[in-house]
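# need a 3D model of the following:
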Amino acid sequence: MTLETLLEIQEKENYTLVGAKEDDIYTSTAHGIRPIMMKIKNDPLYFQGYTMCDKIVGKAAAMLFARSQIAYLYAHTLSEAGQAILEKYKIPYSYGTLAKEIINRDGTDMCPMEKTVLNIDDLDEAYVALDRKVKELMQA
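Okay, the predicted model is just below:
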């Protein structure tokens, strides 16, 4: 499936995340890193070889995608820290807008997921920290 087709599906159906590998397609309307975390929790390489289209990709999502060994990423909005991760792990990518950082939903601070991995470089360590943060936020 081509990137253009994935982008058309994403726009038409208003998905936050769309991915495909051969004939297998994954879609989600969930926000943040949840649609990634839901799948890689049981299988860290669930998205291996996938072409992914995501609305917003910061360092947190980029680290999860790198850990899952995706083949290609299109981000409508990509943070500079996310871009650095994609380059470090040699994941081909393109984007619509490059942002200094990803902002929280209130627009008052940096995204909590971005903050969680701000000083983490190890992909497995990032996954553990993000999983912990998601659980913490769900309890709040």
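
# show me what contacts the residue nearest to residue 14 when sequence neighbours are not counted?
Sequence neighbours aside, residue 29 is the residue nearest to residue 14 in space, at 6.9 Å (criterion: C-beta to C-beta, 6 or more residues apart in numbering). Using the backbone N, CA and C atoms, a C-beta is placed for each residue, glycine as well. With contacts defined as C-beta atoms under 8 Å, 6 or more residues apart in numbering, residue 29 is in contact with 14-16.

# turn those residues into CSV, including neighbour count and pLDDT.
Output for those, formatted as CSV (neighbours: other C-beta atoms under 10 Å; pLDDT from 0 to 100):
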residue, neighbour count, pLDDT
14, 8, 96
15, 20, 97
16, 18, 96
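
# from those residues, which single one is nearest residue 1?
Nearest to residue 1 among the contacts of residue 29, counting by C-beta to C-beta, is residue 15 at 13.8 Å.

# is that closest one in contact with residue 27, as I believe?
Yes: counting by C-beta atoms under 8 Å, residue 27 is a contact partner of residue 15 at 4.7 Å.

# now the common contact residues for these two.
Any residue near both residue 15 and residue 27 by C-beta under 8 Å, 6+ apart counts here, and that gives residue 9.

# I'd say residue 45 and residue 66 touch.
No: counting by C-beta under 8 Å, residue 45 does not reach residue 66; the two are 11.5 Å apart.

# so for these two, which sits in the more crowded spot?
Neighbours per residue (other C-beta atoms under 10 Å) separate residue 45 from residue 66, with residue 66 holding more: 19 against 11.

# OK, contacts around the closest residue in space to residue 22 that isn't next to it in sequence?
Closest residue to residue 22 apart from its sequence neighbours, by C-beta to C-beta, 6+ apart: residue 1 at 7.8 Å. Residues in contact with residue 1 (C-beta under 8 Å, 6+ apart) are 20, 22-23, 25, 51.
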